[in-house]
Each structure stands twice: as C-alpha cells, then as structure tokens.
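**Student:** Pasted the sequence and its predicted model underneath.
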Amino acid sequence: MASILALAGSNSSTSINFKLVQLTTSLVEGHDLRLLNMTRYPFPMFSEDDEKRKGYSNALVELKEDIRNADGLILSVNEHNGNPSAYFKNVLDWLSRLDRKFLEGTKVLLMSTSGGKRGGMGSLGVIQNMLPRFGAEIIATFSLPSFHDNFSEDGILDESLKAEHQKALQTFLSSLK
C-alpha cells in the first residue's frame, strides 16, 4: 500500500481543480491517501528578505514533510493567463528554498482543468517542465477542457475524457506498486 498525497495548486474556495482532485481521489482504493485543501495554507509572497528575517513557517515545513513522506502525488494545477497561479508558483518557490529536491523520489499524476477549451494546458506544461527540477517523476498527465460542460457531481461527463482520466490514474497507481 502506497502513501499518496493529493492537492490542487489553488487557494480558491471554489477551485475547479480541487473538484477534479476530489473526484480522482474518490477513485483510489487500497492506498493510504491524504487530501490537502490548500485554502488552509496561506503563505506570504516569497522574499529573500523575509526568508532571512523570519525563516520558514511551520506550515511550510509540515507541507514539505507531507510531500517527502508520500510515495505519490496527485496534483491538479490551475491556470491564470496561460501560466500557473501566482499562489502555486509561490508555494513551489518556498518549498524549493527549504529543500531543493523536495520531490525526490515522488511519482506524480499531474492534471489541470479550466473553463476554457484548452483545459489549463499552458499551466500543466509549465509545471510538467518544472517539477522534475525538484526531483519529481511525472508518471501521467491529464487535462480536462471546458470544465463546466464536462464535469458534474457525478464526475466527468464526456466518455472519452472519462476514459483518458481513468487511464492516467491507473498508470499512476500501477507505478506505485
């Protein structure tokens, strides 16, 4: 049984990426799973001056430890103007200062969604290129376009997208065995 940490790269209380993560984790069986709601992790904007003056918050150290203790990470990143949100980039900046290889040995299912037809592909691409610098192994990716047309309380509505999501999840889970 593998340990999996799941989160969305958003601090919005109405995050559609968090909804995608919740759906994804509801499909995981037989693993130790922990779902984090990032609205509970407020971090100041990264500043070397603040880092020198104040050091690292307990919340940041705990988040890093949660990540390091996980075998796998399910992550869905939101998109602002074709890039990851300032919030999530800031989280990565803080984590990488605390421990440059904070994702060493961590297998990742990387996802994204947005209200648009590209499904957050710009953000997904940026993060897909960035995470390996911190030691992550991206196992599978999935992007859900047009969230409000393709998602409901019952899950992913479009059958081909649903199958693609399930395949990405199964590929990720198989890598943890």
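**Tutor:** Right, received. Where do you want to start? On a predicted model such as this, the values are computed, not experimentally measured, just so you know.
**Student:** Can you tell me the strand partners of the helix or strand hosting residue 140 and which way each runs?
**Tutor:** For residue 140, the element it lies in under DSSP states H and E is strand 137-144. Its sheet considered, strand 137-144 pairs with strand 107-113 (parallel) by DSSP bridges.
**Student:** beta partners for the residue nearest the centre of the chain?
**Tutor:** In the chain, the C-alpha nearest the mean C-alpha coordinate belongs to residue 75, at 2.0 Å (Cα atoms, centre = their mean). Taking DSSP bridges as the rule, residue 75 bridges to residue 7, residue 110.
**Student:** Pull up the gap between it and residue 145, please.
**Tutor:** 18 Å (Cβ to Cβ, to the nearest Å). Using the backbone N, CA and C atoms, a C-beta is placed for each residue, glycine as well.
**Student:** top helix in the chain by residue count?
**Tutor:** helix 159-175 (DSSP state H).
**Student:** What segments of the protein are strands?
**Tutor:** Per DSSP state E, the chain carries strands over the ranges 3-8, 32-35, 72-77, 107-113, 137-144, 151-152, 155-156.
**Student:** hang on, the earlier thing: and the angle for the strand holding residue 140 with strand 72-77?
**Tutor:** Going by axes from the mean of the first three to the mean of the last three Cα atoms, to 10 degrees, strand 137-144 is angled at 40 degrees with respect to strand 72-77.
**Student:** Neighbours of the residue lying closest to residue 66 once chain neighbours are set aside, how many?
**Tutor:** Spatial nearest neighbour of residue 66, chain neighbours left out: residue 5 (5.7 Å); criterion: Cβ to Cβ, 6 or more residues apart in numbering. Applying other Cβ atoms under 10 Å, we find 21 residues neighbouring residue 5.
**Student:** Which pLDDT value goes with residue 5?
**Tutor:** You'll see residue 5 listed with a pLDDT of 98.
**Student:** same deal with the one 3 residues further on?
**Tutor:** In this prediction, residue 8 carries a pLDDT score of 98.
**Student:** just use 467 as the starting number from now, easier for me
**Tutor:** All set: I'll call the first residue 467, so the last point we hit is now residue 474.
**Student:** contacting residues around it?
**Tutor:** 481, 483, 484, 486, 487, 504, 541, 542, 543, 544 (Cβ atoms under 8 Å, 6 or more residues apart in numbering).
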